[in-house]
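>>> With the sequence up front, the predicted model follows.
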Amino acid sequence: MGFRFLFPTMATAAVIVVFLNGAAAAEGEMNMVFYMHDNVKGNNVTAIPVAGVNGSSSSPGHFGTVVVISDVITKSPQLAEFDSHNILGRAHGMYVNTNLVTGLDFLMLFSLIFNDLEYNGSTLELHGTDRFNQPQREYAVIGGTGKFRFARGYAVVTTEFLSGPNSVLKFNTTLRTD
């Protein structure tokens, strides 16, 4: 008689465990939208070519050029000089021009270093190929620290603004930290 009650109890416990595991995975997923301001020329330069065919005077639009960045990350696409409430942090890293023919593909490697109140000191690591002539690109979120420890996911990237070599990129990022 004990076995008749054992199986339904075990089956119910298994269903509860599966449901709780599914709920925990969904809770760990989050979406963030932010903007990266990449300025190669003009005031407030944040991206500097450091190597290429012509050394540090190489253009980012030429194959093989390496550009080191410290780009501002914001909540909105506009960036006013003293708008500290809009600034989330900076993107530190580099990109390399990898397209010999068009010069419009870039290998992107950078850390998003957050300094806003909610994520202060946390980082996200992103890596991907930016095919700049495509309306939408995708980067991988390959890690993080602080509140983003064990992060993995992806960022859908679009160009919000383009003026010569300067651009504002929109990142619609989905990640899990569980």
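Okay, I see it. Computed from a predicted structure; not experimentally measured.

>>> Name whatever forms a beta bridge with the residue most central in space within the chain.
What sits nearest the mean C-alpha location of the chain, by CA atoms, centre = their mean, is residue 126, with 4.8 Å. Counting by DSSP bridges, residue 126 forms beta bridges with residue 110, residue 141.

>>> Now do the same contact list for it.
108, 109, 110, 111, 112, 139, 140, 141, 142, 155 (CB atoms under 8 Å, 6 or more residues apart in numbering). From N, CA and C alone the C-beta is placed, and that goes for glycine too.

>>> Can you tell me the SS state at the closest residue to residue 72 other than its chain neighbours?
Take residue 72 and drop its neighbours on the chain: the residue closest to it by CB to CB, 6 or more residues apart in numbering is residue 37, 4.7 Å away. Using DSSP: H, G, I helix; E, B strand; the rest coil, the structure places residue 37 in strand.

>>> Report the separation between residue 37 and residue 165.
13 Å (CB to CB, to the nearest Å).

>>> before we move on, what about residue 46?
Taken as CB to CB, the span from residue 46 to residue 165 is 12 Å.

>>> what residues are shared contacts of those two?
By CB under 8 Å, 6+ apart, no residue touches both residue 46 and residue 165.
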